[in-house]
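Chemist: Sequence and predicted model, in that order:
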Amino acid sequence: MNKIFTLLFVGLLALAAKAQTPAPVPTAQAFGKIDKADLELKACDFEKDANAEILFDKGEIYFDQTYNIVIERHKRIKIFNDNGKSEANIRIEYYSADRTEYVTGLQAQTINLNNGAVEILKVDKKQIFTEVIDKYRSAMVFSFPNVKPGSVLEYKYRLTSTSIGNFPDWYFQSNLPTRYSELSTNVPDVLYYKQLANIHYPFVVNKTNSSNAHIQAIANIPSLHDEPFMGSRSDNSERILFQLLSIRPTNGFTQTFQDSWKKVGESKVQEEDFGGQVNRKLNGEDVIITKAKSLKTDDEKIAYVFNEVKNTLKWNDAYTRYTNDGTVKAWEKKIGNSTEINLILTHLLKKSGVKVYPMLVSTRSHGRVNPGYPSLYQFNTSVAYVPVDSNKYYVLDATNKYNIYNQVPKDYLNSFGLFINKEDQLYDLAFLDDKDPVRQVVLINAEIKPEGKMSGSADISSFAYNRVNCVKKYKTDGEKKYIDFLRNDNNNMKIASVTFENMEVDTLPLRQKMDFNLDLTGADENYIYFNANLFTDLKTNPFLNETRTTDIDFGYRDNYMITGIFKIPAGYKVDALPKSITMMIPDKSVVFKRMIAEQDGSLMIRLTVDFKKSLYFKEDYAEFHEFCKKMYEMLNEQVVLKKS
């Protein structure tokens, strides 16, 4: 009997030990070697609805004997369904000018399981193309053959960089879930790079091996989903950036590097395709300059030159931080990239007597500029910067026909720009924001009909960025689609006509007037239901998810005011009326007010929403989410009329 108990006890201990054994850490494999289980895999273990999964992404970064940076990258992707087949299109971008970077050793293949046998189909080298993006950048482009649900796509390559300041960044996270991502870095003792990490998941490997390579790896990383009003994907991904901080010269090896914003600015001044373009004389410029100089104030000069440039030049949709054809050719051809257009603007303003400097900036999709990381690569375009006084400045971007000279374009808000003052040798960052609330005012005058209809008029005034959004939408989409936008695609609403005031006067609010008819849903012979939240984008709460992984970046402060006067039909009385209320988030950064009054057979309803900040951190999302849930319920709370 004791022997039986002993055996049972030993067996239980074995089971317990087995249960406590941690799951094996996934890893990378040699090129062409694959587990059959990966070919039979039907779904991602930790993100079941994924269309595809990165099985592993491995990068090895080291230096060759001439101090070139080399990254050897090996990546493997599993396709689960037809929606994931787009992952078969690969694009590897690099700086090709003067062979600053070059790609070698590319191998790629599709691996399928065919009747139980592993089938490998290599990418034909004739189907690998080099695409010239501009004079500085190129891309190696190819597609995998015979891709279908179940396929595994595998490729590897070597990218060599001749600049020690251009150490590759590493992104552990992407638009796909990643089972395993590993970075190995081996840096000579003469170089010191600072790591700027945005890491929230634990490393499954974090060690230095016998070859002095530092290996860092993360497993089971979920994909980064788009969230309403999030910043750039790169800002929000799990990543490590590298900044060269110091060099210890040895064996005669020396090289300058950018460890301050001053050095970044000085390098741009010396570039022929940036600093060398600012003072280039343009054909026929004297006419514009003479006209500008005849105007009395700087604001008049700026507005005039800004409109001349944005109405003369067409943007080719390319954001760059350098010129491609140069300002002279861009002016002659009437088309250019973002920097060509804005350096032309800077030149003409300067010649007109305006104190103006070129400024490097980053678009929202490219990423927010980190002031503690001096690097040219944080920027992807340039603008014209006019410091008016110690508290006021203009940021001008003539690529967008709807931008206003005295309003920072919304794509650059809540980030830094690097202004370049060559004359005074001043190169520094300026934070770009707009602290003033941007108003949207809606006035409604309507009559409720006994048959359950509402008819009346609306008067909408859109200020600043809201004005720009409306004008751009109307001119881009046309009147029919714009009216659909106004009625929020509500098929129960008919808008008879829309008239505009100040459409062409960008310094005044856009005013829109219209007549409308609305069928009130839910009305019957005894009850009529309606609410005053009309002609706004506040109908649907965009913050429905209980959790959030990214900050909320509205760009600018919004301030809504909706005021409606509704005449109650004869024979009806108010049966249920929402209460007047003031509600705010705990830190008072969002305030909602509702005021309701009844007089002489009419209801006056006023709704106001005031966002006092434009940026809300994900750490505070729980209270922001709860507030928005209540606010949107109140915005859409109905008035109930009952037949008396």
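Modeler: Looks like it arrived, so ask away. Numbering: from 1, shown residues only.
Chemist: so Thr104 sits right up against Tyr157, yeah?
Modeler: Yes: Thr104 is in contact with Tyr157 according to Cβ atoms under 8 Å; the separation is 7.3 Å. (C-beta placed from N, C-alpha, C; glycine too.)
Chemist: helices and strands around the helix or strand where Thr608 lies, which ones?
Modeler: If you go by DSSP states H and E, Thr608 is part of strand 602-611. If you count contacts as 3 or more Cβ pairs under 8 Å, 6 or more residues apart in numbering; DSSP states H and E, strand 602-611 packs onto strand 558-567, strand 590-599, helix 621-635.
Chemist: follow-up on the earlier one: looking at Thr104 and Tyr157, which is more packed in?
Modeler: Tyr157 (18 against 9; other Cβ atoms under 10 Å).
Chemist: neighbours around the residue lying closest to that one once chain neighbours are set aside, how many?
Modeler: Excluding the flanking residues, the one nearest Tyr157 by Cβ to Cβ, 6 or more residues apart in numbering is Leu106, at 4.3 Å. When counting by other Cβ under 10 Å, one arrives at 17 neighbours for Leu106.
Chemist: going on from the helix or strand hosting Leu106, what's the next piece of helix or strand?
Modeler: According to DSSP H and E, Leu106 maps onto strand 101-114. Following strand 101-114 in sequence order, the next helix or strand is strand 117-122 (DSSP H and E).
Chemist: which strands and helices sit next to the following helix or strand past that next one?
Modeler: Downstream of strand 117-122, the first helix or strand assigned by DSSP H and E is strand 129-132. Packing partners of strand 129-132 (3+ Cβ pairs under 8 Å, 6+ apart): strand 137-143.
Chemist: buried ones in the next helix or strand along the chain from the strand it packs on?
Modeler: Where DSSP H and E defines the elements, the next helix or strand beyond strand 137-143 is strand 152-161. Neighbour-count burial for strand 152-161, counted by 16 or more other Cβ atoms under 10 Å, picks out 152-157, 159-161.
Chemist: Give me the distance from strand 152-161 to the chain's centre.
Modeler: 27 Å (Cα atoms, centre = their mean, to the nearest Å).
Chemist: What's the mean pLDDT across stretch 465-484?
Modeler: For stretch 465-484, the mean pLDDT works out to 94.
Chemist: Dump it to PDB, restricted to CA.
Modeler: Output of stretch 465-484 as PDB, limited to C-alpha atoms (Å, rounded to 0.1, in the frame of the first residue of the first chain):
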ATOM      1  CA  TYR A 465      -9.100  74.400 -38.600                       C
ATOM      2  CA  ASN A 466     -12.800  73.600 -38.800                       C
ATOM      3  CA  ARG A 467     -13.100  76.100 -41.600                       C
ATOM      4  CA  VAL A 468     -10.200  74.500 -43.500                       C
ATOM      5  CA  ASN A 469     -11.700  71.100 -43.100                       C
ATOM      6  CA  CYS A 470     -15.100  72.200 -44.400                       C
ATOM      7  CA  VAL A 471     -13.700  74.200 -47.400                       C
ATOM      8  CA  LYS A 472     -11.300  71.300 -48.400                       C
ATOM      9  CA  LYS A 473     -14.100  68.700 -48.100                       C
ATOM     10  CA  TYR A 474     -16.500  70.800 -50.200                       C
ATOM     11  CA  LYS A 475     -14.000  71.600 -52.900                       C
ATOM     12  CA  THR A 476     -12.600  68.100 -53.100                       C
ATOM     13  CA  ASP A 477     -15.800  66.000 -52.800                       C
ATOM     14  CA  GLY A 478     -18.300  68.300 -54.500                       C
ATOM     15  CA  GLU A 479     -21.700  69.600 -53.200                       C
ATOM     16  CA  LYS A 480     -23.600  66.300 -53.200                       C
ATOM     17  CA  LYS A 481     -21.100  64.500 -51.100                       C
ATOM     18  CA  TYR A 482     -20.700  67.600 -48.900                       C
ATOM     19  CA  ILE A 483     -24.500  67.700 -48.200                       C
ATOM     20  CA  ASP A 484     -24.300  64.000 -47.300                       C
END
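Chemist: Show me which residues of it are buried.
Modeler: Those buried within stretch 465-484 under the rule 16+ other Cβ under 10 Å are 465-471, 474, 482-483.
Chemist: can you list the domain ranges for this protein.
Modeler: The chain breaks down by automatic domain parsing into domains covering 36-247, 261-432, 438-643.
Chemist: Please identify the most buried of these.
Modeler: Each of the domains of the chain was scored by mean neighbour count; the highest is domain 261-432, a mean of 19, by mean count of other Cβ atoms under 10 Å.
Chemist: Distance to Pro26 for the domains of the chain - can I get that in a markdown table?
Modeler: Formatted as a markdown table, these follow (distance: least, Cβ to Cβ, whole Å):
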| stretch | distance to Pro26 |
| --- | --- |
| domain 36-247 | 4 |
| domain 261-432 | 29 |
| domain 438-643 | 22 |
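Chemist: Could you point out which of the ones you listed sits nearest Val25?
Modeler: Minimum separation from Val25 across the domains of the chain (Cβ to Cβ) falls at domain 36-247, 4.8 Å.
Chemist: how distant is the closest one from the center of its chain?
Modeler: That offset, for domain 36-247, works out to 21 Å (Cα atoms, centre = their mean).
Chemist: measure it end to end?
Modeler: One end of domain 36-247 sits 47 Å from the other (Cα to Cα, to the nearest Å).
Chemist: what about it, average pLDDT?
Modeler: 95.
Chemist: Number the chain from 45, please
Modeler: OK, 45 is where the count begins now, so the last one is domain 80-291.
Chemist: Got the phi and psi for Gln451?
Modeler: phi -140, psi 120 (degrees, to the nearest 10).
Chemist: And it, how close does it get to Gln484?
Modeler: Distance, Gln451 to Gln484, by Cβ to Cβ, to the nearest Å: 15 Å.
Chemist: ok, now His410?
Modeler: 28 Å.
Chemist: bridging residues for Leu647?
Modeler: Counting by DSSP bridges, Leu647 forms beta bridges with Phe610, Glu642.
Chemist: Now do stretch 478-498: distance to the chain's middle.
Modeler: Worked out by Cα atoms, centre = their mean, stretch 478-498 lies 31 Å from the chain centre.
Chemist: quick one: terminal-to-terminal distance for that stretch?
Modeler: End-to-end distance of stretch 478-498 (Cα to Cα): 38 Å.
Chemist: any idea of the mean pLDDT for it?
Modeler: For stretch 478-498, mean pLDDT rounds to 96.
Chemist: so Thr71 makes contact with Ser225?
Modeler: No: Thr71 is beyond contact range of Ser225, at 10.8 Å (criterion: Cβ under 8 Å).
Chemist: Could you tell me which residues touch both of those two?
Modeler: Taking Cβ atoms under 8 Å, 6 or more residues apart in numbering as the contact rule, Thr71 and Ser225 both touch Phe100.
Chemist: how about the residue nearest to Ser409 when sequence neighbours are not counted, what does it touch?
Modeler: Distances taken as Cβ to Cβ, 6+ apart place Ser276 nearest to Ser409, at 5.4 Å, with adjacent residues excluded. Contact analysis of Ser276 by Cβ under 8 Å, 6+ apart lists 408-412.
Chemist: doesn't Val185 make contact with the residue nearest to Tyr201?
Modeler: No: contact criterion Cβ under 8 Å: Leu150 and Val185 do not qualify, at 11.0 Å.
Chemist: Could you tell me which residues touch both of these two?
Modeler: In contact with both Leu150 and Val185: 136, 172, using Cβ under 8 Å, 6+ apart.
Chemist: how about the strands in the stretch 245-394 of the chain?
Modeler: 249-252, 258-265, 283-291, 358-359, 379-380 (DSSP state E, counting those that start in this stretch).
Chemist: Many thanks, I have nothing further to ask.
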